[in-house]
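Novice: For reference, the sequence and a predicted model appear below.
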Amino acid sequence: MQGKILIIEDESSIRGFLKINFERNDFEVIEAESGEEGIRKAILEKPSIVLLDIMLPGVDGFKVCETLRREFPKIGIIMLTAKSQDMDKIMGLEYGADDYVIKPFNPMEVILRVKALIRRMDESFTKQEEVIESPPFKLDIYAQKIYKNEKEIDVTPKEYALIKIFIENPSKAFSRDELLNLVWGYTFVGDFKIVDVNIRRLRAKIEDDSSNPKYIETIWGTGYRWNNGK
């Protein structure tokens, strides 16, 4: 079994189509047709990946995404949207999504994106006995946890990957393309806006004042750099 996936989609034809294809690829599939049902089943079933439609009856996909990310910081979330506007993509990422797929889509593309996300999550959680420190931060590689002044910070897999890259490479300036390739992979279909969105979310969690960041510095015209205080 490759993993447990929750499909939150109100259109039964799309939900059924995805279910058939994922089951053929050895996934356990749970279905939900509304945001409320999706949240409830996520709590009960604890899937590793959620495919989440934006346009849902009742609680919309953005709110569901926000709730799932808060309750399950390590879960993988891929948004399904019929809209191609940048704002919908950005909003989904702002609320905690790891990736997005635009309808109409090829089911094989969705399966490959899910497998790629699971692979990155598995690599991120590879057992290692190591602690990296960049005061006031401590990165526990074995437990995949980040602490600031000994207090744990809840981060998503992408946010964890970003801060790990930064802390392991203090003072190095990374371009957006470099971060995109390192964290999302060379096969990621999208642009570097996803990097900016995740940096903004990470700053909100680790900075004393996210509007005046001290640790993740913006290098204008290039990208970002970790300031370890040295």
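Specialist: Ah, there it is. The model shown is predicted, which means the values in this text are computed figures rather than measured ones. Numbers count the residues shown, from 1 in each chain.

Novice: what are the ranges of the strands in the chain?
Specialist: 3-8, 27-32, 49-53, 76-81, 99-102, 131-134, 137-140, 145-148, 151-153, 173-175, 216-219, 223-226 (DSSP state E).

Novice: Redo these as TSV? Include mean neighbour count, mean pLDDT and distance to Arg201.
Specialist: From N, CA and C alone the C-beta is placed, and that goes for glycine too. TSV is the format used below for the strands of the chain (neighbours: other C-beta atoms under 10 Å; pLDDT from 0 to 100; distance: least, C-beta to C-beta, whole Å):
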stretch	mean neighbour count	mean pLDDT	distance to Arg201
strand 3-8	23	94	21
strand 27-32	19	94	25
strand 49-53	26	95	17
strand 76-81	24	90	13
strand 99-102	20	86	15
strand 131-134	14	86	19
strand 137-140	18	90	16
strand 145-148	18	92	13
strand 151-153	12	94	12
strand 173-175	16	91	17
strand 216-219	14	94	11
strand 223-226	21	93	13
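
Novice: Ok, which of the ones you listed comes nearest Met91?
Specialist: Closest of those to Met91 is strand 76-81, at 9.1 Å (criterion: C-beta to C-beta).

Novice: Show me what the closest one packs onto, helices and strands only.
Specialist: Under the contact definition 3 or more C-beta pairs under 8 Å, 6 or more residues apart in numbering; DSSP states H and E, strand 76-81 sits against strand 49-53, helix 61-71, helix 86-94, strand 99-102, helix 107-124.

Novice: angle of the longest one against strand 3-8?
Specialist: Helix 107-124 runs at 130 degrees relative to strand 3-8, counting by axes from the mean of the first three to the mean of the last three C-alpha atoms, to 10 degrees.

Novice: Give me the domain ranges for this structure.
Specialist: Segmentation of the chain into domains, based on automatic domain parsing, reads 3-124, 131-226.

Novice: Need the winner for burial among those.
Specialist: domain 3-124 (a mean of 18; mean count of other C-beta atoms under 10 Å).

Novice: Would you check the distance separating that one from the middle of the chain?
Specialist: From the chain centre to the centre of domain 3-124 is a distance of 11 Å (C-alpha atoms, centre = their mean, to the nearest Å).

Novice: Use 541 as the first number from now on
Specialist: With the count now opening at 541, the last piece we talked about shows up as domain 543-664.

Novice: thinking again about what came up before, okay if I get the strands of the chain as a markdown table plus distance to Gly725?
Specialist: Output for the strands of the chain, formatted as a markdown table (distance: least, C-beta to C-beta, whole Å):
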| stretch | distance to Gly725 |
| --- | --- |
| strand 543-548 | 18 |
| strand 567-572 | 20 |
| strand 589-593 | 16 |
| strand 616-621 | 14 |
| strand 639-642 | 10 |
| strand 671-674 | 23 |
| strand 677-680 | 21 |
| strand 685-688 | 22 |
| strand 691-693 | 24 |
| strand 713-715 | 15 |
| strand 756-759 | 21 |
| strand 763-766 | 17 |
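
Novice: Thank you, goodbye.
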